[in-house]
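Q: How does the following fold in three dimensions:
(chains A and B)
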Amino acid sequence: DAKTTQPNSMESNEEEPVHLPCNHSTISGTDYIHWYRQLPSQGPEYVIHGLTSNVNNRMASLAIAEDRKSSTLILHRATLRDAAVYYCIQRDTGNQFYFGTGTSLTVIP
Amino acid sequence: KAGVTQTPRYLIKTRGQQVTLSCSPISGHRSVSWYQQTPGQGLQFLFEYFSETQRNKGNFPGRFSGRQFSNSRSEMNVSTLELGDSALYLCASSPDGTNSPLHFGNGTRLTVT
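A: Presented below is the predicted three-dimensional model:
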């Protein structure tokens, strides 16, 4: 069963920041939060992951709430190539990934 | 470095038949996991193999099985196919499976008629 909840869809204007929220209220202290995105006809692609503190990489930033019950993926400047389904995933110590239903991001030119 | 390769890309089978899907992980990756993706259920974890041993298993019936070879290549088998088994089957690899990112293949699209 999915352990994360995300909005079904979001829209963003091109070149503007995008904040994709995720709730994971049942997360335990050792579960990591991972984000992946999936383009049509492709497998999911890793975006970023973190445990407690905020994380940055070349693709995005991940802001994790202090109580760890929610997180936000931040795309600093959305491009048309960022249009995809974004999955927030809680990864437990049993190494299982629980995918939510994902957020379909539309980028408007 | 070559990515994760899944074969075949497309497969059409009849109810009651069995099917074997193949996954070649990224060189050096020892963990291989399998996922089923359907419009209704989304992405669901099937199982994970590490060093030829099944380390984790999702909530699927015993008709779904897998194995991993000494070169880390993996196969999954579905016996007695049902219409509901029609899905995109995705394979992912990682170096050791412990919180390192997963690298997914582009999947095998299975259609059961």
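Q: tally of neighbours for whichever residue of chain A sits closest to chain B?
A: Using C-beta to the nearest C-beta, the single residue of chain A nearest to chain B is A:Gly43, 3.1 Å away. Glycine gets a C-beta too; all of them are placed from N, C-alpha and C. Residues near A:Gly43, counting by other C-beta atoms under 10 Å in any protein chain shown, number 23.
Q: and B:Ala87, what pLDDT?
A: Here, the pLDDT recorded for B:Ala87 equals 97.
Q: ok, it - contacts?
A: B:36-38, B:110 (C-beta atoms under 8 Å, 6 or more residues apart in numbering or on different chains).
Q: Closest one to A:Gly102 out of the residues you listed, please.
A: The shortest approach to A:Gly102 among the contacts of B:Ala87 belongs to B:Gln37, at 10.5 Å (C-beta to C-beta).
Q: B:Phe45 is in contact with that closest one, correct?
A: No. Contact criterion C-beta atoms under 8 Å: B:Gln37 and B:Phe45 do not qualify, at 10.8 Å.
Q: Tell me, how many residues neighbour B:Thr38?
A: 13.
Q: Quickly list what it is bridged to.
A: Beta bridges link B:Thr38 to B:Gly42, judged by DSSP bridges.
Q: OK, contacts around it?
A: B:44, B:86-88 are the contacts of B:Thr38 under C-beta under 8 Å, 6+ apart.
Q: Which members of those residues are positioned in helices?
A: Among the contacts of B:Thr38, no residue falls in helices (DSSP state H).
Q: So how do I select the buried members of those in PyMOL?
A: Of the contacts of B:Thr38, the buried ones can be selected in PyMOL as follows, counting by 16 or more other C-beta atoms under 10 Å in any protein chain shown:
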select buried, chain B and resi 44+87+88
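Q: and of the contacts of B:Thr38, the nearest to B:Thr14?
A: B:Ser86 (11.6 Å).
Q: and the gap between that closest one and B:Ser22?
A: B:Ser86 sits 19 Å away from B:Ser22, going by C-beta to C-beta, to the nearest Å.
Q: Thank you, goodbye.
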